[in-house]
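> okay, sequence plus prediction incoming.
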Amino acid sequence: MTKKKTTAPLPLMQFIPALTPRYTSPEHLAAVVELFERATREPVRGLFSAPPRHEKSETVDHGIARMLLEDPARRVGFATYGQRPAEKRGRRIRELYQRGGGRVQEDASSRTDWRTGA
């Protein structure tokens, strides 16, 4: 049985404040947002840098959650500078995904290893 793709309700720029109202659209990270939008259509590799406290992490976390909501079977790779920060970010992405309506497999929902219900 093939899982049907769902459609993320909004472009990422609007999805972020819709899912997390305390955040605004990250207009200053438009190039990063465009990478996420392109990644829904084609393979993309991206690397970027911005000063501290410029919403980089929140934009990336919301971008990954939105991609998974659009296509729960999609595989996403994410790397950061250490295991503990990566685990923390993974939990945050899972929380955003679930808050957006995504389902996590019950048999693969540990804090460090989780999978979508696809």
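It's in.

> what does the top strand by length along the chain contact?
If you go by DSSP state E, the chain has its longest strand at strand 104-109. With contacts defined as Cβ atoms under 8 Å, 6 or more residues apart in numbering, strand 104-109 is touched by 94, 97, 98, 114, 115, 116, 117. The C-beta positions use only the backbone N, C-alpha and C, and glycine is treated the same way.

> strands paired with that strand, and their directions?
strand 114-116 (antiparallel) (DSSP bridges).

> what about the one helix or strand in the chain whose mean pLDDT sits lowest, distance to the chain center?
Ranked by mean pLDDT, DSSP states H and E, the weakest helix or strand in the chain is strand 104-109, scoring a mean of 82. On the basis of Cα atoms, centre = their mean, to the nearest Å, strand 104-109 sits 18 Å off its chain's mean C-alpha point.

> one step back: any quick PyMOL command for the buried ones out of the contacts of strand 104-109?
The buried residues among the contacts of strand 104-109 can be selected in PyMOL (16 or more other Cβ atoms under 10 Å) with this line:
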select buried, resi 94+97+98+114+115+116
